[in-house]
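Turn this into a structure:
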Amino acid sequence: MQPVLIINNHDYAALVEALNLSRNDLDAEGSGRDVQTGEMFRTRVATKLKATVKLLRLQQATMQQLLSDISQPFYNATVVDPATGAQTTRSFYTSTVPFGAQRYNKSTGAPYYDGVSFEMVEK
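Here you go, the predicted model:
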């Protein structure tokens, strides 16, 4: 099954090489291990999705659209939640975007990008 990746109503699914999702737990202050017994005490405040996205080759126009979509402080993205198997739309942010290798088509001179990857962290 092809992954689902829609960011700000732009469908990037056909460009996904890998989409790795994980659940991040946010614990309350005071959570941690007892230093004498080693027992763990925690109060989970929330769980958030984190997605590591690796894309196939991007043409210049697509790269510009993607950067516009994920450069906002927060943006909406739709993925399939592994816990439910259903599509879910949530608010995410991205703080670091490796642009990948900028290359040029020798026959046309048009730029493209290989190895673009980034993380989306739920708000």
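
so what pLDDT did the residue of the chain most remote from its centre get?
Relative to the centre of the chain, the most outlying C-alpha is that of Q36, 38.9 Å out, by C-alpha atoms, centre = their mean. Note on Q36: pLDDT of 87.

next one: M1
M1 is assigned 65 on the pLDDT scale.

partners of R23 in the sheet?
Per DSSP bridges, residues listed as beta-bridge partners of R23: L49.

So which residues of the protein form strands?
For the chain, applying DSSP state E gives strands covering 6-7, 10-11, 16-27, 32-33, 40-41, 44-55, 58-59, 75-80, 87-93, 101-104, 111-114, 117-122.

what residue ranges in the protein score low on pLDDT?
For the chain, the stretches with pLDDT under 70 are 1.

Kindly recompute the last result at 90.
Scanning the chain for pLDDT under 90 picks out the ranges 1-3, 24-36, 38, 41-44, 82-83, 96-101, 105, 108-109.

re the thing from before, for the strands of the chain, please prepare JSON lines with the additional fields distance to Q65.
C-beta here means a position set from N, CA and C on the backbone, and glycine is covered the same way. Below are the strands of the chain laid out as JSON lines (distance: least, C-beta to C-beta, whole Å):
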{"stretch": "strand 6-7", "distance to Q65": "9"}
{"stretch": "strand 10-11", "distance to Q65": "6"}
{"stretch": "strand 16-27", "distance to Q65": "15"}
{"stretch": "strand 32-33", "distance to Q65": "43"}
{"stretch": "strand 40-41", "distance to Q65": "44"}
{"stretch": "strand 44-55", "distance to Q65": "12"}
{"stretch": "strand 58-59", "distance to Q65": "9"}
{"stretch": "strand 75-80", "distance to Q65": "12"}
{"stretch": "strand 87-93", "distance to Q65": "16"}
{"stretch": "strand 101-104", "distance to Q65": "16"}
{"stretch": "strand 111-114", "distance to Q65": "12"}
{"stretch": "strand 117-122", "distance to Q65": "14"}
